[in-house]
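Novice: sequence and predicted structure below; questions after.
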Amino acid sequence: MVTVLAPGVFAAPAAAGVTTGQAEQAATQGVTVAGNQFYLNGRPFVPHGLNSISQLNSPWCTTNLTAAAAANYGDSEIEAAKDTWHANTVRFQVSQPVLAGPNGPAYAQQIQTNVEEALNAGLVAIISMQDESLACGPAEPLPSQETETAWATLVTNTTLQDDPYVMFELFNEPQNLATNTPTTDPQQSTWVDWEDGGRELAPTSSQTWTAYTPVGHQDLVNYLRSLGVGNVLIVDGAHNAGQLQGVPILTDPGSSYQIAYAIHPFYYTDGQAGWDNRWGYLTTSQAVIATAWNYGASDCGKAAETMAPALLSYMRNTVNVGMIGHALDVFNGLLMADPSLTPTQCGTSSPGGGQDFLSAYMDSFYAPPQTPANLAANPSSATEIDLTWDPVSDPAVAGYDIYRNGALIGTSTDASFSDASLSPNTNYSYTVDAYDSQGNISGRSVAASATTPPDTTPPTVPTGLTATLAGSQADLSWHPSGDNVGVTGYDVYRNGAKIASTTGTAYADSGVSQGKTYRYRVDAYDAAGNFSAKTAPQSLSDPDTTPPSAPTNLTLRPGSKRIALTWTASTDNVRVAGYYIYRNGKVIATVTATRYTDTGLVSGKTYKYHVVAHDAEGNRSVASATVSGKAK
């Protein structure tokens with residue numbers, strides 16, 4: 001095993017202040033790109049591995065090669081790819097014509113089932129849309145409406161778009177020329193057609209496809225994003241993915257730029273200057289990956305073979321580009337030559353570039369770590385579950401990723417992890433994988449589940465309750481309570497009765513009346529229904545100092561030795577309690593009605609009257625107007 005980090009590969013940094021066994025900050029889950037770098041779970045990552053045509057085989061499209069590939073695909077092949085070849089990625093070619101046809105939904109589900117086998121082993125998957133002979137297609141030069149239909153069928157009939165460890169290669173080996181000079185020749189296409197499409201192309205006499213209007217790669221990116229696809233998108237370069245020189249940089253309408261560019265450096269023998277011009281220059285600014293490479297039997301003894309070590313070294317050490325060898329399960333003199341997956345070289349019965357690929361490129365990587373075993377989950381409180389597992393013995397292991405219910409929640413540098421801030425009385429399922437300093441990730445462990453016990457701990461009693469008067473409103477505030485899970489809210493009580501619940505630490509009681517005394521208390525509660533004790537009462541009195549309005553329209557009606565009085569009622573901020581009746585300046589009666597009859601008077605004598613209103617607090621109004629009259 002190689003123990004020296006290759007250029008451009010960095011060990012995951014330890015989080016500051018995090019001790020062994022404690023959670024580190026959870027990284028972004030899955031594959032992302034930023035600048036010219038791929039990342040896996042937030043760590044620098046060089047995707048490298050093998051290409052598989054096994055998924056091109058289906059009841060609706062089969063050839064001898066794809067049938068053989070499908071027969072060889074499985075767990076043993078995947079494990080050999082990881083252990084022998086140090087692969088962390090598998091590229092699956094899928095058929096555009098079948099996905100776009102009537103059997104597309106069933107075919108999509110076949111693809112998902114088989115791709116998940118690699119994903120479950122801890123490998124990253126690339127899904128590459130194919131429209132060539134092995135895909136039972138006519139090899140159209142650029143994407144078409146059929147390409148969009150095929151992608152829509154795949155993402156709407158599978159959950160692959162929801163898996164962050166899957167990348168989508170939009171269209172295999174576009175055949176446009178690597179030039180931006182527009183042309184009207186329908187038998188030629190350029191970067192302009194590659195990017196925008198929209199111009200009808202026609203086949204030459206030797207081609208079998210029918211004239212059509214291509215869909216540009218920018219439109220294809222936009223279309224997949226409109227379907228809700230958030231995965232990294234890979235776009236192949238010009239001239240059968242041979243060149244990126246002059247490639248228009250696509251825009252990503254998604255939430256962040258997640259586009260990488262692909263090359264297939266099969267036959268270039270012009271050396272580093274040519275490689276720099278064709279694609280190497282772009283690696284300083286964009287994420288680039290070689291999604292297919294090999295030389296075949298016909299290249300043995302020629303420049304493609306003799307220059308292979310230099311090319312592979314350039315890709316690994318100069319530009320640090322990930323490479324996918326072609327192919328994992330095609331035993332036809334390509335990369336691997338027999339079911340034992342032993343790499344071969346020119347001169348054997350099945351020549352191919354496997355030996356060079358393994359020795360000059362893949363051996364510079366570690367094999368992915370073994371899958372962690374014996375994961376155990378044990379609740380330690382109503383809000384915490386402690387995890388332990390057997391350490392992976394591989395000395396290259398840098399740490400472990402921890403997943404709760406399928407989502408990455410953190411990392412640990414040793415074989416334990418404490419998951420806190422959980423909900424009481426809730427079941428959680430966990431898995432763990434191991435990663436090394438080159439970004440390789442093991443398969444996920446067998447899941448372990450645990451249920452947190454119910455929460456029976458009440459919140460602490462709120463403190464610092466204050467009540468202040470603001471007009472007819474009482475403003476209450478208090479300090480937050482503490483709780484082992486978290487305070488959900490507070491209940492507010494006035495004079496022993498609950499009047500409100502609030503999630504904050506303040507409340508405005510607008511039901512206050514002047515002249516009354518109020519007692520307020522507050523308690524706290526959590527999501528489990530545990531209540532704290534109530535605070536000590538906080539009293540608030542609101543004396544009424546506002547007098548009623550003066551009575552109006554006082555009228556007098558004389559009678560035999562009597563005079564009857566009536567008036568218009570006064571108003572008050574609380575209520576009018578009654579009226580004082582004045583005769584000749586002295587109070588002679590108190591009434592609650594707006595009328596009074598003064599009896600026992602002397603006939604022919606003149607009397608003067610006025611009325612004053614009062615409320616329950618004794619506040620008196622201004623006197624009404626005075627009226628005079630004689631009793632009869």
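Specialist: Cool, got the structure.

Novice: S359 - that's part of a strand, no?
Specialist: No - using DSSP: H, G, I helix; E, B strand; the rest coil, the assignment for S359 is helix, not a strand.

Novice: now it: how far from D83?
Specialist: Applying CB to CB, to the nearest Å, the value for S359 to D83 is 16 Å. No exception for glycine: its C-beta is placed from N, CA and C like everyone else's.

Novice: what's the answer for Q218, then?
Specialist: Distance from Q218 to D83, by CB to CB: 40 Å.

Novice: excluding its backbone neighbours, what's nearest S95?
Specialist: In space, S95 comes closest to A135 once its chain neighbours are excluded; the distance is 3.9 Å by CB to CB, 6 or more residues apart in numbering.

Novice: can you list the weak-confidence ranges in the stretch 201-350 of the chain?
Specialist: 330-342, 344, 347-350 (pLDDT under 70).

Novice: neighbours of Y223, just the number please.
Specialist: Per other CB atoms under 10 Å, the neighbour tally for Y223 reads 17.

Novice: assign a three-state SS to it, would you?
Specialist: Y223 - assigned by three-state DSSP - is helix.

Novice: and it, how far is that from K302?
Specialist: On the measure of CB to CB, Y223 and K302 end up 42 Å apart.

Novice: got the contact list for the nearest residue to G301 once chain neighbours are set aside?
Specialist: With sequence-adjacent residues excluded and distances taken as CB to CB, 6+ apart, G301 is closest to C346, at 6.7 Å. The contact partners of C346, by CB atoms under 8 Å, 6 or more residues apart in numbering, come to 297, 300-301, 305.

Novice: sorry, back to before: how many other residues sit next to the residue nearest to S95?
Specialist: Neighbours around A135, by other CB under 10 Å: 25.

Novice: so it sits against Q96, correct?
Specialist: Yes - applying CB atoms under 8 Å, one finds A135 in contact with Q96, separated by 6.1 Å.

Novice: want to try TSV for the contacts of C346, with secondary structure, distance to S541 and neighbour count as columns?
Specialist: TSV is the format used below for these (DSSP: H, G, I helix; E, B strand; the rest coil; distance: CB to CB, whole Å; neighbours: other CB atoms under 10 Å):
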residue	secondary structure	distance to S541	neighbour count
A297	helix	101	15
C300	coil	103	18
G301	coil	106	11
E305	helix	99	21
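
Novice: top helix in this protein by residue count?
Specialist: Counting residues, the longest helix found in the chain (DSSP state H) is helix 104-120.

Novice: buried sites along that helix?
Specialist: 104, 107-108, 110-112, 114-119 (16 or more other CB atoms under 10 Å).

Novice: quick one: contacts of the host helix or strand of E79?
Specialist: E79 is part of helix 75-83 when elements are defined by DSSP states H and E. Here helix 75-83 makes contact (CB under 8 Å, 6+ apart) with 49-50, 87-88, 90, 117-118, 121-123, 328-329, 341, 367-368.

Novice: tell me which entries of these lie within strands.
Specialist: 49-50, 90 (DSSP state E).

Novice: neighbour count and distance to L312 added to these, as TSV?
Specialist: Listed next are the ones in strands among the contacts of helix 75-83 as TSV, based on neighbours: other CB atoms under 10 Å; distance: CB to CB, whole Å:
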residue	neighbour count	distance to L312
G49	26	14
L50	28	14
V90	28	19
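
Novice: with those residues in mind, which one is nearest to S532?
Specialist: Distance to S532 across the ones in strands among the contacts of helix 75-83 (CB to CB) is lowest for V90, with 56.2 Å.

Novice: all good on my end, thank you.
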